[in-house]
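Colleague: Sharing a model that was predicted from the sequence below.
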Amino acid sequence: MSQLRRSNGLILSASICLTFYGLLILYSASQPFGPDMLLFKKQCIWLGIAFTGLCVFTFVNLEKLKTIAPVLGFITLLALCIVLIPGVGLWIHGTRRWISLCGLRIQPSELAKIGFVIFFAYFLAEHVHEVRYWFKGFLKPLGVIATFACLVIVEPDFGTAFLFGWIGLILLFLKGAQLKFIIPSCFCALLLFMLAVYLNPVRLRRITAFLDVEGNRLSGAYQLWQSLIGFSAGGLTGVGLGQGRQQYFFLPEAHTDFIFAILAEELGILHVLIVLCLFAIITFHGLKIVRSMGNPFLFFVGVGALSFLIFQAFFNMGVVTGLLPTKGLALPFLSYGGSNLLTSYCFIGILINLGRGRYHLPQSLRKGT
């Protein structure tokens, strides 16, 4: 029990440190946008909202969420549908991913990760004994994954849709689904994903440019090329906070998807390694917490929350360093964006809640834990 509480403290501390890095780089990246530091101020507002989400998911009884999981799943799907309605969803940079609410831009596909984790964990827990059956144990949960992923890919948001599919299959595998079902499904999903990319000229150009970054450094691979320049310019200790060049519109979307490159340029590889260690701490201690869960629903919720945090960070870093094709995925805790920050802290709240040890106690002793 004390080990889990120690894990909670380390996970929370690592998350706060990562957020500090994000605010530090955003403070620097806000300079080209004017003296009012608008990006930095907005992120601070969202940080207050994110801490509220952290508190809610830290102290809520996660077992009771199981009773309203179908409602949460329906609301999540409804939100993903609403954002696609012209005039409701905001059309920005060729995508319809945001809704404006009280002056704040909300990204339903980010918040949908929470609803998906809770609903899919409920679905798997309810059908835990049907794992060996093709239809009930595999095809039905695969349909749930496909529904969420397809609504996201229509926006279009290929990166997030891939994340939904990837994590959904991980949960399905951990449930006990047989590889003879999973492997052919992965190939089919990959073929469909490749077809969707082929039919989308923008995404296809990103893939072809990724295969020859230097040859396309002035066209399709311009963003990635500038990111690599930022890494090389930073060296071991960086050029200094606020002294980087990439933030001055050389690197498009520097404050969102490519903030990791700005951190590398201004603070250097040493701080890049610190950020990697902080994510490693969350991964290691998050795994310790979810492994202690005997309740299938809580186990799947914990794995889903941790997987979204870690794999999104992994994919973002892979894109920024040229290991993966360019796609729009934010770096948890660091990238500018309120919906992503809120979702990240809600997932941290879920992990801390599981690590409090209340679910290891008899029902009669849980009050006050």
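Modeller: In hand now; what should we look at?
Colleague: where's Ala261, which helix or strand?
Modeller: helix 259-267 (DSSP states H and E).
Colleague: Run through who's touching the helix or strand just after that helix.
Modeller: Past helix 259-267, further along toward the C-terminus, the next helix or strand under DSSP H and E is helix 269-291. With contact meaning C-beta atoms under 8 Å, 6 or more residues apart in numbering, helix 269-291 is reached by 3-4, 7-8, 10-11, 14-15, 17-18, 21, 231, 234-238, 260, 263-264, 299, 302-303, 305-306, 309-310, 313, 317, 334, 348, 351, 354-355. Bear in mind the C-beta positions are built from the backbone N, C-alpha and C, glycine included.
Colleague: now Leu351, what's its secondary structure?
Modeller: helix (DSSP: H, G, I helix; E, B strand; the rest coil).
Colleague: per-residue pLDDT, it?
Modeller: The predicted local confidence for Leu351 comes out at a pLDDT of 96.
Colleague: thought it was touching Gly304?
Modeller: No. Contact criterion C-beta atoms under 8 Å: Leu351 and Gly304 do not qualify, at 10.7 Å.
Colleague: Quickly list what's touching both of these two.
Modeller: Contacts common to Leu351 and Gly304, judged by C-beta under 8 Å, 6+ apart, are absent.
Colleague: Packing partners of the helix holding Ala261?
Modeller: If contacts are counted by 3 or more C-beta pairs under 8 Å, 6 or more residues apart in numbering; DSSP states H and E, helix 259-267 sits against helix 2-29, helix 222-234, helix 269-291, helix 296-320.
Colleague: from these, which stretch is densest packed?
Modeller: helix 296-320 (a mean of 23; mean count of other C-beta atoms under 10 Å).
Colleague: Mind checking the pLDDT average for it?
Modeller: pLDDT averaged over helix 296-320 gives 94.
Colleague: Distance to Ala125 added to the helices and strands packed on helix 259-267, as TSV?
Modeller: What follows is those, written out as TSV (distance: least, C-beta to C-beta, whole Å):
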stretch	distance to Ala125
helix 2-29	21
helix 222-234	41
helix 269-291	14
helix 296-320	4
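Colleague: Lowest average confidence across these, which one?
Modeller: The bottom spot among the helices and strands packed on helix 259-267, by mean pLDDT, belongs to helix 222-234, with a mean of 83.
Colleague: Determine the angle, from 0 to 180 degrees, between it and helix 259-267.
Modeller: 30 degrees (axes from the mean of the first three to the mean of the last three C-alpha atoms, to 10 degrees).
Colleague: For helix 222-234, give me every contacting residue.
Modeller: 209-210, 213-214, 216-217, 239, 244-246, 250-253, 258, 261-262, 264-269, 319-322, 326.
Colleague: My understanding was that Gly349 contacts Leu54; is that so?
Modeller: Yes. The pair Gly349 / Leu54 is scored as a contact, 4.4 Å apart, by C-beta under 8 Å.
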